[in-house]
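Q: pasting the sequence and the predicted model now:
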Amino acid sequence: MSSHKVLGIIGGGQLGSMLCQAAKKLGVETVIYCDDINSPAQNYSKNFICAKYNDETKIKEFTKQVDVVTFEFENIPVPTLKKIQEMKPVYPDPNVNFIIQNRSKEKNFINELGINTVDYKNIKSNKDLENIEKLVPGILKTTTLGYDGKGQYIISNAKDLENIDFKNEYILEKKINLQKEISVIITRYQNGNSVVYEPIENIHKDQILDNSKIPSNIDQKIANQSKNNAIKLANELNYVGTMCVEYFIDENNDLLINEIAPRVHNSGHLTINAYNISQFESHVRSVCNLEAIEPIMKSAAIMQNIIGEDIFKYKNKEYKSNEFFFDYLKKVAKPKRKMGHLTTLKI
Ligand code: ADP
Ligand code: MG
């Protein structure tokens with residue numbers, strides 16, 4: 001089994017920081033490539049390169065320094081990832097991003113595998129607004145570049161659509177009554193074997209994740225179905241690394257996929273303290289082709305996200321031995337910005 005010694009990570013936020021910390025534990029060095037000079041992950045990596053994601057010279061310099069490349073967010077230009085792939089392995093494969101960067105391609109892919117999502121329609125121009133009554137009330141989402149509810153518009157009646165300018169492509173999704181949201185973290189290794197974490201129950205506020213807990217309060221059938229779908233998707237994508245499948249459970253107790261994140265995920269932060277192996281360590285192990293470890297839940301847990309200026313209430317506080325506070329070391333506390341989290345183990 002070959003192993004890599006230097007891991008290149010594109011993106012330098014909190015996910016990058018946590019990947020670097022997991023890598024260090026395994027003796028893997030890291031280089032962060034990020035377009036933000038204040039990127040927090042540089043505090044944890046051996047090297048840091050700050051440049052735009054399409055800067056060919058800097059990308060080359062980065063690629064030369066590393067043995068294998070991964071990323072902490074999915075919206076890196078696919079041509080950049082393909083360029084890197086000509087020189088070094090990139091995991092997960094950039095073709096995964098090609099599908100998942102686009103909500104419409106992503107939903108088509110999932111439905112073609114016979115796995116359900118909410119009903120939706122691609123909206124490219126005003127012409128596509130015919131016969132959409134069954135999708136209203138709905139949510140109009142830009143097909144690319146949305147996150148934490150950005151690029152989304154609630155459509156309460158068809159009139160709301162008259163004010164939208166169709167310079168962007170959108171999908172219109174039916175807004176469903178959510179009974180629950182859950183997510184499944186899976187890591188697929190280079191030999192095709194996967195390890196799957198137990199489903200996590202998530203509460204969103206203002207379309208941003210507020211808190212996550214394990215074990216989730218769902219029946220065994222939904223739990224098995226959510227894990228089996230994740231394995232099927234990872235196999236179909238020939239995925240290498242950790243990915244997250246976000247689900248809706250609707251009022252009829254039907255399981256629907258909301259979206260796939262081809263990376264480590266906010267809802268999986270509790271795996272750092274509540275499992276024998278975190279989603280970050282699993283990711284590093286798989287992309288560096290190290291030995292797989294089966295994740296085992298050690299404790300029930302809840303993870304509370306800390307958003308914006310709330311972070312100041314958590315700094316300099318004393319914590320009990322079952323509480324784990326993470327400060328992402330971001331310089332400015334903007335509204336809606338994820339600044340840290342607190343995981344509490346229920347021992
Ligand atoms: P993002 O890419 O910004 O995470 P999501 O599509 O996951 O966007 O939406 C964020 C949150 O908004 C979801 O987790 C859910 O709480 C709510 N939401 C999104 N789409 C729907 C929908 N079709 N019906 C009901 N709630 C939705
Ligand atoms: Mg989401």
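A: Structure received. Ligands and ions are numbered 1, 2, ... in the order given.
Q: from residue 125, how far off is residue 166?
A: Separation of residue 166 from residue 125 (Cβ to Cβ, to the nearest Å): 5 Å. Where C-beta positions appear, they are placed from N, C-alpha and C, glycine not excepted.
Q: repeat for residue 272
A: As defined by Cβ to Cβ, residue 272 lies at a distance of 46 Å from residue 125.
Q: out of residue 166 and residue 125, which sits in the more crowded spot?
A: In this comparison of residue 166 against residue 125, neighbours counted by other Cβ atoms under 10 Å, the higher total goes to residue 166 at 14 against 8.
Q: residues contacting that one?
A: Residue 166 makes contact with 123, 124, 125, 126 under the criterion Cβ atoms under 8 Å, 6 or more residues apart in numbering.
Q: residues contacting the third one?
A: In this structure, residue 125 makes contact with residue 166, judged by Cβ under 8 Å, 6+ apart.
Q: need the pLDDT of it.
A: Residue 125 is assigned a pLDDT of 82 by the prediction.
Q: before we move on, what about residue 252?
A: Confidence at residue 252, expressed as pLDDT, is 96.
Q: would you mind listing what in this protein touches ligand 1?
A: By the rule Cβ under 6 Å from any ligand atom, the part of the chain lying against ligand 1 is 118, 139, 146-149, 173-176, 178, 181, 204, 207, 246, 258-259.
Q: go again with 8 Å.
A: Contacts of the chain with ligand 1, taken as Cβ under 8 Å from any ligand atom, map to 103, 118, 120, 138-139, 141, 146-152, 173-178, 181, 202, 204, 207-209, 246, 248, 258-259.
Q: ok, back up a step: which one (most neighbours) among the contacts of residue 166?
A: Neighbour counts for the contacts of residue 166 were taken using other Cβ under 10 Å; the highest belongs to residue 123, with 23 neighbours.
Q: longest helix anywhere in the chain?
A: Among the elements of the chain assigned as helix by DSSP state H, the one spanning the most residues is helix 220-236.
Q: which helices and strands sit right next to it?
A: strand 178-188, strand 194-196, strand 241-250, strand 255-261 (3 or more Cβ pairs under 8 Å, 6 or more residues apart in numbering; DSSP states H and E).
Q: dump those strands into TSV; add distance to residue 68 and mean neighbour count as well.
A: Output for the helices and strands packed on helix 220-236, formatted as TSV (distance: least, Cβ to Cβ, whole Å; neighbours: other Cβ atoms under 10 Å):
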stretch	distance to residue 68	mean neighbour count
strand 178-188	15	22
strand 194-196	19	19
strand 241-250	10	23
strand 255-261	20	20
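Q: include distance to residue 74 when you put these into CSV, please.
A: Formatted as CSV, the entries for the helices and strands packed on helix 220-236 read as follows, by distance: least, Cβ to Cβ, whole Å:
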stretch, distance to residue 74
strand 178-188, 15
strand 194-196, 19
strand 241-250, 10
strand 255-261, 7
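Q: all strands of the stretch 1-150 of the chain, in order?
A: When secondary structure is read from DSSP state E, counting those that start in this stretch, the stretch 1-150 of the chain shows strands at 6-10, 29-34, 47-50, 68-71, 120-123, 138-142.
Q: lowest mean pLDDT among the helices and strands of the chain, which one is it?
A: Here the helix or strand of the chain ranked lowest by mean pLDDT, DSSP states H and E is strand 152-155, holding a mean of 88.
Q: would you tell me what the next helix or strand after that strand is?
A: Helices and strands here follow DSSP states H and E; after strand 152-155, the next one along the chain is strand 170-174.
Q: lovely, talk soon.
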